[in-house]
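# Using only what follows, build the 3D model:
(chains A and B)
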Amino acid sequence: MWIFDSYHRGAVELWDRERDSPKPLTFRYQPSFYLYLEDPHAHWEMIEGLECRFKVKECSFDTVYGSRDGYEIWAGRDVALKIEKQTHMQAQLYNVDLRIDQRYLADKGIFPCGDEGESRFDTDFEIPLTSLKIKVNANPQLARTIVEISVQNGGRERRLKGSERLIMADLFDLVRVIDPDVILFQDGDQWVPRIVAKAEKFGLDPSLSRTGWFRTMASKSYWSYGKVEHKTGAVIPEGRILIDTENSFTYRESGIEGIILASRLTGLSPNLTSRFTPGTLISNYEVYEALRRGIAVPFRKHDAERQRKVSELKGADKGGMIFQPKPGVYEGVYELDFTSFYPSIIVNYNLSPETLDGSKRRGFLSSVIEPLLDLRLKTKKLKKVDPRYRGFDSVLKWMLVTCFGYTGYKNAKFGRIEVHESITSISRDLLLQAKDIAESMNLEVLHGIVDCLWVKGGDATEFKERVEVATGIGTELEPYDWIVFLPLADGFGAYNRYYGRMSSGKLKVRGVAARKRDTPEYIRRMQMEVFAKMGEARSIDELRQIVSQAQEIVDRYHRGIQSADPSEMVIHRRISKLHYERRCVQASAIDAYRKRGVKVSPGMTVGFVVRDAGVWDVDTEWDASEFDSDYYGRLIDKAWEEAAFVFKSN
Amino acid sequence: MGRTFKSVRMGSHEVSQRWLKASRALKKEDQVYGQRVAEMVKMHSSESFYAIDDPLEAAVFSVLIELLKEIDRERGEKIEDVDI
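Here you go, the predicted structure:
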């Protein structure tokens, strides 16, 4: 059985690639949940009432904190909520809000996108899925009607034109005939709801779904790491994988390989793994692992943080270690990076909610992260010799990056803020240890940030070996011909703004205009051209000899600004709110979008061109025909300053 | 994920800003010392957060280190003067 889609619609439905059937396998499955009461006698009437209405069994079940004596109840979430209310939140409930298809797969010991007997952690597997690419040739934010659709099947491309009804009918016929398992649809989550609605209007059978049914995922705006994000809703077909190639983070970063590997690891269908954030993926991976190991998943957290004074909180919750750089340009520098630093700390130090008391038993979190970490270390090596592993490596990297953050997330099933604090506390000590080793070897520590150090002088290879032995964590060493640490406005070194030429000839650029997503393409292109010129220099001396050539690039861009294409002046910025008290560029952009009839939600990214910076007059990226050349000229100067710093510093 | 506190570094920088502002009220000949002390506050604000949670403690720690370094430098210069 090779399952490529799963969901619950009255029963668990699984689509098996090997059966090649137009219908899914259907399984009746009524999941239960667990109830634990500290004082069950106080609630005997409720228990009796439950026993009258539902199947209830006294049992013992496992949680990460150990075994509990309680009840297994075959009823739904609505009943669980009533129990909470009845017991004044005294009841501890488990396995209440899990995806039924995911739970079914875990119960049966199977997983999506893999054969029975195969390991989920294997990276050498086939993806026996057929695919089709679809693109509506219009902007989904502006177009009201569909006038052309491109369909690409292997090397063949067809353009569907004509009346909207004809285009729809042709599209559905094509999909029916080709019958792909995967549809790669640019902006699919914006177009498919409209296509399905139009199918209904024209009385057509929307063959994008193999059953004709679709499931809806609502759009939402939410806070994440202090920023408002927006997630577009989706209409998801059954029996076919629909990937929005433009908006799926996992697809953009990791391709179809990443989506499939995430599906194998989390027990979720590829339709979901393509739409979920890495944080939701790691969280679901932990849930699937818990279910597979027979550990009950808490409905609500009962391991709340104990009361602490603000001073204690400040002392405990500090984040990673930083060594502030002295701004300047340096030669012969080595960057030492810890590989998967935080996940390695979780595993090596056995960090988990239930081991914080110093317990010696293997913690749940550390034991589930360990195979994921081992897999990442393997794919990181493999991708260097075989690009097929890039997608696998990327999705694992993102899942592991977020596994740390999720330990501090209030809704994480197996998260606990104290684990979060322990990870950062250990990380600070380890970076300090690495600094001590460097200094004992007469290496100068130029800069350090969370999981990497920049050092100069001495034997860097031996330094790397000694750090690995002392910390038990793998590292990577990158030599630089030269590196520049940029200053803050007050002249002190910035942590995350630097660029340099690695000995491999590659440039590494961080925190400068070219790396910021609101930098217009024209400015980005100018700065990258300057950096490319600087990248030809292999030493500080050579670097300083190219100042006039670099300046010439900037002058050329200044001269060319009048005749530049306005589309290169587009600034993309995320909108955090819809109402601004003062006139500002974001408020003007929202106005311009509204005038164009485009709905804006918090967290969305808007694209605009500044027509007059004096009064913040802007046009949407689709309407811009002119721009404020003085304003963009100032942006060129600002970007040039970041590069020119190298010529001014000693 | 986790909580957000104003970092010791940010707190120290605010101390530095206040000390800089306070320097303006000093006698003209003393202002330069106030400004130098305000600068010294920021020299070790990043590293000191490892063990210090109070921005003022971090500021004093940073200034004391810099003062000792200056004393050492001056001593070194004097010894060199004697050698000459």
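# biggest strand in chain A by residues?
The longest strand of chain A (DSSP state E) is strand A:475-487.
# Can you tell me which helices and strands that strand packs against?
With contacts defined as 3 or more Cβ pairs under 8 Å, 6 or more residues apart in numbering or on different chains; DSSP states H and E, strand A:475-487 has these neighbours: strand A:328-338, helix A:460-471, strand A:493-502, strand A:507-510, helix A:629-648. Placement of C-beta: from N, CA and C, glycine included.
# can you do 6 Å?
With contacts defined as 3 or more Cβ pairs under 6 Å, 6 or more residues apart in numbering or on different chains; DSSP states H and E, strand A:475-487 has these neighbours: strand A:328-338, helix A:460-471, strand A:493-502.
# in chain B, which spans are helices?
Assigned by DSSP state H, the helices in chain B fall at B:8-23, B:28-43, B:45-48, B:55-83.
# Looking at the stretch 451-600 of chain A, which residue is nearest chain B?
Taking Cβ to the nearest Cβ, chain B has its nearest neighbour within the stretch 451-600 of chain A at residue A:492, 5.6 Å off.
# which ones are touching that residue?
Contact analysis of residue A:492 by Cβ atoms under 6 Å, 6 or more residues apart in numbering or on different chains lists residue B:42.
# before we move on, what about the one 10 residues further on?
In this structure, residue A:502 makes contact with A:478, A:480, A:508, judged by Cβ under 6 Å, 6+ apart.
# Quick check: phi and psi on residue A:241?
Backbone torsions for residue A:241, taken as degrees, to the nearest 10, come to phi -90, psi 120.
# what's the angle from the longest strand of chain A to strand A:493-502?
120 degrees (axes from the mean of the first three to the mean of the last three Cα atoms, to 10 degrees).
# hey, where'd the strands end up in the stretch 101-250 of chain A?
For the stretch 101-250 of chain A, strands defined by DSSP state E, counting those that start in this stretch occupy the ranges A:131-136, A:148-153, A:156-161, A:182-185, A:214-217, A:220-224, A:227-231, A:234-237, A:241-244.
# burial of the residue lying closest to residue A:437 once chain neighbours are set aside, as a residue count?
Once flanking residues are discounted, residue A:437 sits nearest to residue A:466: 5.1 Å by Cβ to Cβ, 6 or more residues apart in numbering or on different chains. Counted with other Cβ atoms under 10 Å in any protein chain shown, the neighbours of residue A:466 add up to 16.
# same thing with residue A:410?
Look at residue A:410: counted by other Cβ under 10 Å, it has 10 neighbours.
# Need the contact partners of whichever helix or strand residue A:594 is part of.
Using DSSP states H and E, residue A:594 sits in helix A:585-595. Here helix A:585-595 makes contact (Cβ under 6 Å, 6+ apart) with A:575, A:580, A:600, A:606, A:608, A:616, A:618-620.
# are any of those residues buried, and which?
A:575, A:600, A:606, A:608, A:616, A:618-620 (16 or more other Cβ atoms under 10 Å in any protein chain shown).
# could you pull out the helices for the stretch 301-450 of chain A?
For the stretch 301-450 of chain A, the helices defined by DSSP state H, counting those that start in this stretch occupy A:310-316, A:341-348, A:364-385, A:390-406, A:417-440.
# could I get the ones you listed as CSV with mean neighbour count and mean pLDDT?
Output for the helices of the stretch 301-450 of chain A, formatted as CSV (neighbours: other Cβ atoms under 10 Å in any protein chain shown; pLDDT from 0 to 100):
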stretch, mean neighbour count, mean pLDDT
helix A:310-316, 14, 77
helix A:341-348, 24, 97
helix A:364-385, 18, 96
helix A:390-406, 23, 94
helix A:417-440, 20, 94
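# who wins for proximity to residue A:33 among these?
Residue A:33 sits nearest to helix A:364-385 of all the helices of the stretch 301-450 of chain A, at 19.3 Å, using Cβ to Cβ.
# Measure how far that closest one is from the centre of its chain, please.
Per Cα atoms, centre = their mean, to the nearest Å, the displacement of helix A:364-385 from the mean C-alpha position of its chain is 17 Å.
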